[in-house]
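Peer 1: Predicted model and sequence below, questions to follow.
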Amino acid sequence: MQIADFPVPESPAARGALEMAQTYQSPAITAHALRSWLWAEAFARVDGIDDVDHELLYVAAVLHDVGTAIEYDNHTLSYEHAGGHVAVALTAGAGWPASRRARVLEVIVRHNWPSVDRTMDAEGYLLEAATGLDISGARPDDLPESYRREVIAAHPRGALAVEFSACIADQAARKPATAARRLHEGGIARKLAENPLELLG
């Protein structure tokens, strides 16, 4: 398994998602987003999930935290709902039908669920598993070490632990009814600091 196994979708939506991420997100958050996409694709292979909308998964992964950016930080909605609506707007401009735009919102929102039923939502399951690995260190040994090292080398973790911990603490304080509070109270700062991926670079 290697990064070259998973080509970036060549579409206006995919290109637009990456441009938005790089414009509005910090380098650490954007690297996290790209790692999350690569972990998600890898988990699809490991878990034997073949029926994946790869373009939708890429757009959702790249934009799943854009709701934390100042420009898109909604004062009432959770950051995952806010980011999901950003993805809806982007994909509307790319010509996606309403049903598929609704799916990108669902996948982004569900990445913050404690778990997602793979039979209900394959892409949501994959993004939740991927972010679970990149943030909390879940299932690291399910992916080959050589692949994990290649992904980290291509998209270094940088200041993710400090930056994202602070972001979630802020979101939890301002929006205590959202998933950010559960993540904060669940020890996300400790999980990020102790994530075994941190040892890979």
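Peer 2: Everything's here; your move. The structure displayed is predicted, hence computed values, not measured ones. Residues are numbered from 1 along each chain as shown.

Peer 1: Give me the below-cutoff pLDDT ranges for this protein.
Peer 2: 201 (pLDDT under 70).

Peer 1: What is the longest helix of it by residue count?
Peer 2: helix 27-46 (DSSP state H).

Peer 1: what about the residue nearest to residue 81 when sequence neighbours are not counted, which SS state?
Peer 2: The shortest distance from residue 81 to any non-neighbouring residue, by C-beta to C-beta, 6 or more residues apart in numbering, is to residue 109 (5.8 Å). Every residue, glycine included, has its C-beta placed from N, CA and C. Judged by DSSP: H, G, I helix; E, B strand; the rest coil, the three-state class of residue 109 is helix.

Peer 1: burial count for residue 109?
Peer 2: Using other C-beta atoms under 10 Å as the criterion, residue 109 is surrounded by 19 other residues.

Peer 1: Quick check, it in contact with residue 79.
Peer 2: No: using C-beta atoms under 8 Å, residue 109 is not in contact with residue 79; the gap is 10.2 Å.

Peer 1: thinking again about what came up before, got the contact list for the residue nearest to residue 81?
Peer 2: 78, 80, 81, 84 (C-beta atoms under 8 Å, 6 or more residues apart in numbering).

Peer 1: any idea which helix or strand carries the spatially most central residue of the chain?
Peer 2: Centroid check for the chain by C-alpha atoms, centre = their mean gives residue 61 as the closest residue, at 4.1 Å. Assigned by DSSP states H and E, residue 61 belongs to helix 54-63.

Peer 1: For that helix, give me every contacting residue.
Peer 2: So helix 54-63 is in contact with 8-9, 11, 13-14, 17-18, 20-21, 30, 33-34, 36-37, 40-41, 83, 86-87, 90-91, 100, 103-104, 107-108, 111, 123, 126-127, 130, going by C-beta under 8 Å, 6+ apart.

Peer 1: could you give the angle of it to helix 27-46?
Peer 2: If you take axes from the mean of the first three to the mean of the last three C-alpha atoms, to 10 degrees, helix 54-63 sits at 150 degrees to helix 27-46.

Peer 1: Drop anything exposed from the contacts of helix 54-63.
Peer 2: Neighbour counting by 16 or more other C-beta atoms under 10 Å classes 9, 11, 13-14, 17-18, 20-21, 30, 33-34, 36-37, 40-41, 83, 86-87, 90-91, 100, 103-104, 107-108, 111, 123, 126-127, 130 among the contacts of helix 54-63 as buried.

Peer 1: hmm, back to that, tabulate the contacts of residue 109 in JSON lines, adding columns for neighbour count, secondary structure and distance to residue 53.
Peer 2: JSON lines is the format used below for those (neighbours: other C-beta atoms under 10 Å; DSSP: H, G, I helix; E, B strand; the rest coil; distance: C-beta to C-beta, whole Å):
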{"residue": "78", "neighbour count": "19", "secondary structure": "coil", "distance to residue 53": "23"}
{"residue": "80", "neighbour count": "25", "secondary structure": "helix", "distance to residue 53": "19"}
{"residue": "81", "neighbour count": "18", "secondary structure": "helix", "distance to residue 53": "21"}
{"residue": "84", "neighbour count": "26", "secondary structure": "helix", "distance to residue 53": "15"}
